[in-house]
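> For reference, the sequence and a predicted model appear below.
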Amino acid sequence: MNKPHLLSINDLGRDGIVEVLNVAESFAEVERRTMKKVPALKGKVVATLFFEESTRTRLSFETAAKRLSADVLSLSVASSSVKKGESLKDTLKTIEALGIDAVIIRHRSSGAPLQASRWLEDISVINAGDGWHEHPSQGLLDAFTVRQAWAGDLNVDPKETGAELFEGKRIVIVGDIAHSRVARSETLAYKALGADVVLCAPATLLPKDSVNWGVEVTHDLDAELGSADLVSVLRLQAERGGGECVPSLREFNADFAMTEKRMGALKAGARVTHPGPMVRGVEIASEVADDPRCLVTTQVTNGVAVRMAVLYLLLTGGGTQELEGGGK
Ligand code: CP
């Protein structure tokens, strides 16, 4: 029997995204308690399998699984049989044979989690970032964070607002969009929720197929600042050749970085997000990273509740009602 997976934001659609955000609100309440652990996934086993570096995503998923009382196995690729030449398929089949319930995969190759989901019959696969393709849990936690901030401005319960706070909002995603899996997942999530998305980058850092993304495209960040409700800043993906697509870091910084001066041009109430890791002084000034309008630390905190929601929904199939009715 094939289990449900989270490979792309497209797996969810607008209603599915709102369900994750609402379940995550319930888990965020759990996170604020002294006793942060709930028995929802007691008896389940979750494995993380990261073929690329990570700080936030790995720690966040592992914390989320532990808070749900799942057992967590963390496969260190550097000390695994992958180093002896074992294929991805054989590694995954070994994990399946151990009776694990969910595997969280980060891989340098776009499509690796999709391929894994085809090989595995009895495990849920979660994409924790695949090449340039997608990073769905990051897109979800970014949407969760900005909805919470906008709901706070209006003093309303984010859960009650569904997707309505996104409607008509203008969201500018700036930086190395071509190599960014976060840009793809954010664009899919924000558009599904009803926002207008603008991609801002030099031509060399825009995806070749951006005309098919259903977004506006610009090279002029300054022209966007007065109308943006949210600026999502992305780093240059040096490990994927992003640095070679700009004449120099100084020029990229001059035209596309979020600087203190640019913060001054934002309209009242506008926010800045960054998925991390940040490279201060390149795509984001240190003063901006530490500005209260920049939500980067809140994004990391919220990542745990959102990933608890993803694991809970995939492994129990329970909706908000079930969670509130005794899942905790
Ligand atoms: N945002 C993000 O994916 O960070 P890590 O690479 O540290 O997991």
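Alright, I've got the coordinates.

> count of residues packed around Thr248?
Wrong residue type there; residue 248 is Ser, not Thr. Here the number of neighbours of Ser248 (other Cβ atoms under 10 Å) works out to 9. From N, CA and C alone the C-beta is placed, and that goes for glycine too.

> does Ala65 really touch Leu311, like I thought?
Yes. Look at Ala65 against Leu311 with Cβ atoms under 8 Å: they come within range, at 5.9 Å.

> Could you show which parts of the chain are in contact with the ligand?
Proximity of the chain to the ligand, by Cβ under 6 Å from any ligand atom, involves residues Ser54, Thr55, Arg56, Thr57, Gly129, His135, Gln138, Pro275, Gly276, Pro277.

> Pull up the overlap in contacts between Ala65 and Leu311.
Common neighbours of Ala65 and Leu311 (criterion: Cβ atoms under 8 Å, 6 or more residues apart in numbering): Leu41, Val46.

> now, among the residues of the chain next to the ligand, which is nearest to Ile17?
Lowest distance from Ile17 to the residues of the chain next to the ligand (Cβ to Cβ) belongs to Gln138, with 13.1 Å.

> Now for that closest one, how many residues are close by?
What Gln138 shows, counting by other Cβ under 10 Å, is a neighbour count of 26.

> List the buried residues of the strand or helix carrying Gly139.
Secondary structure from DSSP states H and E places Gly139 in helix 136-154. Of the residues in helix 136-154, those buried under the neighbour-count criterion (16 or more other Cβ atoms under 10 Å) are 136-151.

> low pLDDT regions in this protein?
Across the chain, residues meeting the criterion (pLDDT under 70) sit at 1, 319-328.

> how does it divide up, domain by domain?
Structurally, the chain divides into domains by automatic domain parsing as follows: 9-134+300-321, 136-299.

> Am I right that Leu205 is in contact with Cys245?
Yes. Taking contact to mean Cβ under 8 Å, the distance of 5.2 Å between Leu205 and Cys245 places them in contact.

> so who does the residue nearest to the spatial centre of the chain touch?
The geometric centre of the chain, computed from its C-alpha atoms, lies nearest to Gln138 (Cα atoms, centre = their mean), at 0.5 Å. The neighbourhood of Gln138, defined by Cβ under 8 Å, 6+ apart, consists of Thr57, Gly129, Arg181, Val182, Ser185, Glu186, Pro275, Gly303.

> Which phi and psi values does the fourth one adopt?
Backbone torsions of Val182, given as degrees, to the nearest 10, read phi -70, psi -40.

> Same question for His107.
phi -150, psi 150.

> residues touching the closest residue to it other than its chain neighbours, list them.
Counting by Cβ to Cβ, 6 or more residues apart in numbering, the nearest residue to His107 once its immediate chain neighbours are dropped is Phe51, at 4.7 Å. For Phe51, the contact set (Cβ under 8 Å, 6+ apart) comprises Val77, Val82, Ile105, Arg106, His107, Arg108, Ala112.

> Could you check how far Phe51 is from Ile105?
Phe51 sits 8 Å away from Ile105 when distances are taken as Cβ to Cβ, to the nearest Å.

> what does Trp132 give?
For Trp132 relative to Ile105 (Cβ to Cβ), the value is 16 Å.

> now swap in Gly168 and tell me
For Gly168, the distance to Ile105 under the criterion Cβ to Cβ works out to 36 Å.

> Compare these two and say which is more crowded by neighbours.
Using other Cβ under 10 Å, the more surrounded residue of Gly168 and Ile105 is Ile105, with 26 against 10.

> residues touching the more buried one, list them.
Ile105 makes contact with Leu49, Phe50, Phe51, Ala112, Pro113, Ala116, Val125, Ile126, Asn127, Ala128, Asp130 under the criterion Cβ under 8 Å, 6+ apart.
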